[in-house]
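Trainee: Predicted structure and sequence below. I'll ask about it afterward.
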Amino acid sequence: MQAIRTVLYYLLLSISAFVWGTLSIFIAPLLPFRARYRFVVQTWCRFAVWLTRVMVNVRYEVRGVENIPERPCVILSNHQSTWETFFLSGYFEPLSQVLKRELLFVPFFGWALALLKPIAIDRSQPKVALKQLAKQGHERLQQGAWVLIFPEGTRIPAGEPAKFSRGGSALAVNASLPVLPIAHNAGRFWPKNGWAKHPGTIQVVIGPLMQPQGEGPRAIAELNQRAENWVNDTLRGMGELPAVETLVAKAS
C-alpha cells in the first residue's frame with residue numbers, strides 16, 4: 001500500500017511542479033523579488049511538504065524556533081534527502097539557496113527557479129564556486145535574503161556524521177553575520193537512495209545563533225567546526241549517531 005501511495009505521490013508532485021513552474025514563468029517576472037519568492041518557491045514547497053504528509057505520512061516537528069533571528073543570516077544544515085530542501089525553502093523567506101547549476105536547466109520548474117536569484121555553482125570548478133559563493137552570497141545577505149547552504153555538498157545517508165566544508169562559515173565571517181545551524185533526520189524517512197518513503201515524524205532542530213569569533217581563516221575554521229559539532233551532537237541526541245563513548249571504544 002505504501003508503495004502505491006509513493007508512486008501516486010511522485011506523480012502528483014511532478015504534475016504540480018510542471019503546472020506551478022509554467023505559471024511562474026509568466027507571472028513571476030511581473031512581481032518584486034519578495035513576492036516572486038513567495039509565489040514561486042514558498043507556496044509550492046509548502047505544498048510539497050503537505051503532500052508528503054498526506055500521501056506518504058511523513059510528518060515533522062520543529063524545535064528551536066525561538067532561535068531564529070529577525071535579521072537574515074547564513075543557514076547551515078545537514079543534508080540527507082530532498083525533503084529538507086522543500087521544508088527550509090518554504091520555512092524561511094526570501095531565501096537564496098546554493099545549488100548545482102544543472103538544476104536551472106530542469107524544464108519549467110528549473111526555469112522558474114532561475115528567476116529567484118539562486119547561487120547556482122558549477123561543482124566541477126570548486127575554486128570558482130567558492131568565489132561565486134562569497135560574492136553572490138554577500139550580495140544576497142545585503143539584500144535581506146537568507147542564504148541556505150548544505151556544507152556537506154551532497155546528501156549523506158542517515159546514520160553518518162556530518163562533515164562540513166568551510167564555504168558557508170567563510171561567508172558568515174566575511175559578512176560579519178552569525179550562522180544559524182539546523183539538524184534533522186529526514187534521511188530516516190526519505191532515504192538518499194531509491195524512491196521508498198517510510199512513515200514517521202522528521203525531527204528538525206534549529207540551533208542557537210553562532211557568532212564569528214574574529215576574522216580570517218582561523219575564525220572561519222573555528223566557526224565551521226562549532227557548527228559541525230553542534231549538528232553531530234544534536235543528531236547523536238536524536239539517536240541517529242552512536243554515542244561518543246561507543247566510538248572511542250571501537251577505536252581502541
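Mentor: It's in.

Trainee: all contacts plus neighbour counts: C-alpha atoms, from now on.
Mentor: Fine.

Trainee: who touches stretch 133-143?
Mentor: By CA atoms under 8 Å, 6 or more residues apart in numbering, the surrounding residues in contact with stretch 133-143 are Pro72, Cys73, Ser96, Val98, Ile119, Ile121, Trp146, Val147, Gly167, Ala170, Leu171, Ala175.

Trainee: Check what pLDDT the residue nearest to the last one when sequence neighbours are not counted gets.
Mentor: Excluding the flanking residues, the one nearest Ala175 by CA to CA, 6 or more residues apart in numbering is His138, at 6.4 Å. Note on His138: pLDDT of 91.

Trainee: How far off centre is the helix or strand hosting His138?
Mentor: According to DSSP states H and E, His138 maps onto helix 126-142. The chain centre lies 17 Å from the centre of helix 126-142; the measure is CA atoms, centre = their mean, to the nearest Å.

Trainee: Can you name every helix or strand that the helix or strand following it contacts?
Mentor: Sequence-wise, the next helix or strand downstream of helix 126-142 (DSSP H and E) is strand 146-149. Applying 3 or more CA pairs under 8 Å, 6 or more residues apart in numbering; DSSP states H and E, one finds that strand 146-149 contacts strand 74-77, strand 95-100, helix 126-142.

Trainee: Partner strands of strand 146-149 and their direction?
Mentor: Strands that pair with strand 146-149, judged by DSSP bridges, come out as strand 74-77 (parallel), strand 95-100 (parallel).

Trainee: Just the CA atoms of that strand, as CSV, please.
Mentor: In CSV, the C-alpha atoms belonging to strand 146-149 read as follows (Å, rounded to 0.1, in the frame of the first residue of the first chain):
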residue,chain,number,x,y,z
TRP,A,146,18.6,34.2,4.0
VAL,A,147,21.4,32.1,2.4
LEU,A,148,20.9,28.4,2.8
ILE,A,149,24.0,26.2,2.5
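
Trainee: neighbouring contacts of that strand?
Mentor: 72-77, 92-98, 137, 140-141, 168.

Trainee: again with stretch 53-72
Mentor: Contacts to stretch 53-72, defined as CA under 8 Å, 6+ apart, come from residues 2, 5-6, 8-9, 52, 141, 144-147, 180, 189, 197-209.

Trainee: and with 7 Å instead?
Mentor: 2, 5-6, 9, 52, 141, 144-146, 189, 197-209 (CA atoms under 7 Å, 6 or more residues apart in numbering).

Trainee: Stretch 169-189 too?
Mentor: 58, 73-78, 80-81, 83-84, 134, 137-138, 157-158, 197-200, 202-212, 215, 220, 223-224, 227, 231, 234-235.

Trainee: for the chain, what spans make up the strands?
Mentor: 58-63, 74-77, 95-100, 119-121, 146-149, 179-184, 200-206 (DSSP state E).

Trainee: ok and the third one relative to helix 126-142, angle-wise?
Mentor: Same thing as strand 95-100. With axes from the mean of the first three to the mean of the last three CA atoms, to 10 degrees applied, the angle from strand 95-100 to helix 126-142 works out at 170 degrees.

Trainee: can I get the CA coordinates of strand 95-100 in CSV?
Mentor: Only the C-alpha atoms of strand 95-100 are listed here, as CSV (Å, rounded to 0.1, in the frame of the first residue of the first chain):
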residue,chain,number,x,y,z
LEU,A,95,15.9,32.6,0.8
SER,A,96,18.7,32.2,-1.7
GLN,A,97,20.0,28.6,-1.9
VAL,A,98,23.3,27.3,-3.0
LEU,A,99,22.6,24.7,-5.6
LYS,A,100,24.2,22.9,-8.5
